[in-house]
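Peer 1: Return atomic coordinates for the entry below.
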Amino acid sequence: MNFPSSKMWLGGLTVVCVMVLLLGGVYVRMGPVTTGKRTIHRSRFLRIKGYQQLHSPGGSQNDKGLLSAIATHWKSSSDARNLSVKEQAVSTRNMSKEAQRTTDKERNQGRTVTRDQNLKGREGQSKTTSSQTVRRQKMSLVGQKEEQAVRKENERQTTHTTQKTKLQLTQVNHRPVATKKSVSKLSLCPKKPPDLVGSLFINAYAKVNLDEVKKKNPGVTFGGFYTPPDCQPRDRVAIVIPFRDREEHLKVFQHYMIPVFRRQLIQFKIYVIEQAGNCDFNRGMLLNIGVLEAAKDGDWQCFCLHDVDLILENDRNLYTCPERPKHLSVAVDKFNYRLLYSTLFGGITILTKEQYWKINGYSNKYWGWGGEDDDLYKRVVNNGMTIMRPDAAVARYKMVRGTHHKTSKINPARFSLLSTATHRMKEDGLNSVSYKVTGRKEYQLYTKITVALNGHVNC
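Peer 2: Predicted structure coming up:
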């Protein structure tokens with residue numbers, strides 16, 4: 001292995017040293033200069049150093065001029081930079097103040113808007129409060145009007161006429177006469193009334209207060225007329241009661257029977273036909289008179305001929321107009337709730353107007369007790385009709401036994417009259433009754449018509 005000679009080593013070392021010196025000079029001339037605590041670029045250091053030499057006594061004029069120009073340029077650029085910084089600071093402060101003023105303005109506007117909203121809110125609340133007050137006042141007025149309407153309705157029910165009836169009472173010869181009226185648009189009453197209760201407890205000796213009876217039966221007008229207020233009745237029934245000296249029985253009848261008629265949803269009116277004078281009681285003639293007077297008073301579909309002392313014990317025994325003549329008082333407590341004989345047709349019967357006129361009503365010849373109901377049965381059968389009876393389980397009646405009324409005398413001629421009943425029925429009856437009305441008075445729950453039979457009061 002050949003190693004380099006010493007001359008080569010010295011040559012290489014000399015080249016290296018020259019390069020190091022050259023690079024170090026460049027670094028010294030161009031690198032940074034540290035003065036005190038500051039480190040600045042060497043070119044700037046030379047400018048500052050030249051400026052200092054320019055003002056020193058030993059500096060040349062050319063150097064001084066060059067250095068003065070350099071200093072002037074440097075100072076102008078430095079002043080420009082300082083001015084730009086100041087302007088930027090002032091502009092920043094102005095912008096900050098403007099932003100602050102804008103913010104304050106917006107805050108004040110927000111406060112104003114909030115204040116206006118609060119004022120509007122208070123005004124709205126006051127308006128709401130006032131509207132609520134007005135609404136309460138209106139509701140109070142509506143409540144008062146409703147109370148007045150209810151009061152008027154109660155008064156209307158106690159007047160002589162009702163707006164929901166088919167009949168309108170007019171005054172003819174100082175007597176109320178019923179004429180047909182346009183029927184209000186109501187649905188027909190149900191065939192099976194919904195408010196029936198079935199068996200009833202009857203106290204035949206009850207002390208009756210008629211004012212209480214009236215209060216418990218609203219809608220029954222003065223004179224004993226009633227029509228269902230919520231539906232159109234299917235049946236218009238005139239209740240005809242032959243009467244004399246039975247005031248106690250009549251009170252008990254009103255107390256128990258009027259609520260039954262109302263629950264059965266029939267239109268009805270109660271006619272009490274009182275016989276004047278001291279002649280023997282003639283039930284058949286009084287019933288004929290009652291039918292004629294009721295027919296003058298209203299357009300009744302049927303007539304219920306009702307003894308005043310029979311009180312129904314089951315309201316499912318309906319007082320509706322029948323297809324055939326109907327016998328209602330099938331089972332009476334006096335007869336142990338049994339039908340005495342198959343042709344019995346007394347006590348309580350219902351016939352339509354056509355049926356009653358067809359048989360010419362009752363005979364007028366039965367004075368005293370007994371015979372007129374059997375005569376009526378013969379008239380029905382001889383005119384080609386048959387009677388109908390409800391089930392004895394519902395057609396139950398209690399007979400009221402009074403202590404102050406006179407019992408009618410038994411008619412001794414009743415059997416001889418019955419033997420000629422079919423021969424007399426065309427001339428003896430509804431078409432031959434003779435009477436004179438001596439009084440007519442309307443009470444709270446019935447109308448009483450007092451008559452003199454055959455025009456005579458005393459016999």
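Peer 1: For this structure, which element, helix or strand, carries the lowest mean pLDDT?
Peer 2: Least confident element among the helices and strands of the chain, by mean pLDDT, DSSP states H and E: strand 167-172 (a mean of 38).
Peer 1: Break down the protein into its helices, ranges please.
Peer 2: Along the chain, the stretches classed as helices by DSSP state H are 6-30, 42-54, 61-158, 210-215, 247-263, 283-297, 353-358, 372-382, 414-419, 421-424.
Peer 1: Counting neighbours, which bits of the fifth one end up buried?
Peer 2: Spelled out, that is helix 247-263. 248-263 (16 or more other Cβ atoms under 10 Å). C-beta here means a position set from N, CA and C on the backbone, and glycine is covered the same way.
Peer 1: which of these lies closest to residue 390?
Peer 2: Distance to residue 390, by Cβ to Cβ, is smallest for residue 260 among those, at 14.0 Å.
Peer 1: and the residue lying closest to the closest one once chain neighbours are set aside, how far is that from residue 266?
Peer 2: Across the structure, with Cβ to Cβ, 6 or more residues apart in numbering as the measure, the residue nearest residue 260 apart from its sequence neighbours is residue 315 (4.7 Å). Relative to residue 266, residue 315 is positioned 12 Å away (Cβ to Cβ, to the nearest Å).
Peer 1: So which of these two has more stuff around it?
Peer 2: Set side by side, residue 315 and residue 266 show unequal neighbour counts under other Cβ atoms under 10 Å, the larger going to residue 266 at 26 against 23.
Peer 1: what sits against the more buried one?
Peer 2: Shown here is residue 266, whose contacts under the criterion Cβ atoms under 8 Å, 6 or more residues apart in numbering are 228, 233-237, 319-320.
Peer 1: Residue 300 now?
Peer 2: Taking Cβ under 8 Å, 6+ apart as the test, what residue 300 contacts is 236-238, 294, 353.
Peer 1: try 10 Å this time
Peer 2: 167, 178, 235-240, 267-269, 291, 294, 321, 352-353 (Cβ atoms under 10 Å, 6 or more residues apart in numbering).
Peer 1: count of neighbours near the spatially closest residue to residue 300 that is not a sequence neighbour?
Peer 2: Spatially, and ignoring its direct neighbours in sequence, residue 300 is nearest to residue 238 (4.2 Å; Cβ to Cβ, 6+ apart). When neighbours are counted by other Cβ under 10 Å, residue 238 registers 23.
Peer 1: on that earlier part again, comparing the helices of the chain, which gets the lowest mean pLDDT score?
Peer 2: Least confidently modelled of those is helix 42-54, at a mean of 49 by mean pLDDT.
Peer 1: Quick check: residue 313 vs residue 249, distance?
Peer 2: When Cβ to Cβ is applied, the distance between residue 313 and residue 249 equals 16 Å.
Peer 1: Contacts only, for residue 446.
Peer 2: For residue 446, the residues meeting the contact criterion (Cβ under 10 Å, 6+ apart) are 220, 222-225, 239, 241, 243, 250, 253-254, 258, 269-272.
Peer 1: Mind doing that once more with 8 Å?
Peer 2: Contact analysis of residue 446 by Cβ under 8 Å, 6+ apart lists 223-224, 250, 254, 270-272.
Peer 1: Same list, the residues you listed, but as CSV with distance to residue 195 please.
Peer 2: CSV is the format used below for those (distance: Cβ to Cβ, whole Å):
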residue, distance to residue 195
223, 24
224, 20
250, 25
254, 19
270, 20
271, 25
272, 26
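Peer 1: Number of residues surrounding residue 451?
Peer 2: Using other Cβ under 10 Å, residue 451 has 24 other residues around it.
Peer 1: same thing with residue 388?
Peer 2: For residue 388, the number of neighbouring residues by other Cβ under 10 Å comes to 13.
Peer 1: just checking, it touches residue 330?
Peer 2: No. In this structure residue 388 lies outside contact range of residue 330 using Cβ atoms under 8 Å: 10.5 Å.
Peer 1: with the contacts of residue 300 in mind, which one is nearest to residue 444?
Peer 2: Of all those, the one with the least separation from residue 444 (Cβ to Cβ) is residue 269, at 13.0 Å.
Peer 1: Check the gap between the closest residue to the closest one other than its chain neighbours and residue 455 for me.
Peer 2: Nearest residue to residue 269 in three dimensions, chain neighbours excluded: residue 225, at 4.4 Å (Cβ to Cβ, 6+ apart). Residue 225 sits 29 Å away from residue 455, taking Cβ to Cβ as the criterion.
Peer 1: So which of the two has more stuff around it?
Peer 2: Neighbours of residue 225 and residue 455, each counted by other Cβ under 10 Å, are more numerous for residue 225; the result is 26 against 9.
Peer 1: Domain-wise, how is the chain divided?
Peer 2: Using automatic domain parsing, the domain parsing of the chain gives 39-158, 167-405+412-453.
Peer 1: count of neighbours near residue 352?
Peer 2: The burial count for residue 352: 19, using other Cβ under 10 Å.
Peer 1: distance of it from residue 326?
Peer 2: In this structure, residue 352 and residue 326 are 10 Å apart, going by Cβ to Cβ.
Peer 1: And the contacts of stretch 447-454?
Peer 2: Under the criterion Cβ under 8 Å, 6+ apart, residues 223-224, 243, 269-277, 279, 282, 285-286, 289-290, 293, 434-442 lie in contact with stretch 447-454.
Peer 1: Now list the buried members of those.
Peer 2: A residue is treated as buried here by neighbour count (16+ other Cβ under 10 Å); on that basis the buried members of the contacts of stretch 447-454 are 223-224, 243, 269-276, 279, 282, 285-286, 289-290, 293, 435, 442.
Peer 1: Pull stretch 197-208 out as PDB, backbone CA atoms only.
Peer 2: The C-alpha trace of stretch 197-208 is given here as PDB (Å, rounded to 0.1, in the frame of the first residue of the first chain):
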ATOM      1  CA  VAL A 197    -143.400   1.300  37.000                       C
ATOM      2  CA  GLY A 198    -145.700  -1.600  37.200                       C
ATOM      3  CA  SER A 199    -147.300  -2.500  40.500                       C
ATOM      4  CA  LEU A 200    -148.400   0.500  42.600                       C
ATOM      5  CA  PHE A 201    -149.200   0.800  46.300                       C
ATOM      6  CA  ILE A 202    -152.600   2.400  46.900                       C
ATOM      7  CA  ASN A 203    -153.700   3.800  50.200                       C
ATOM      8  CA  ALA A 204    -157.400   4.100  49.800                       C
ATOM      9  CA  TYR A 205    -157.700   6.300  52.900                       C
ATOM     10  CA  ALA A 206    -154.900   8.700  52.100                       C
ATOM     11  CA  LYS A 207    -155.400  12.400  53.100                       C
ATOM     12  CA  VAL A 208    -154.800  14.200  49.800                       C
END
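Peer 1: Pull out the buried residues from it.
Peer 2: 202, 204, 208.
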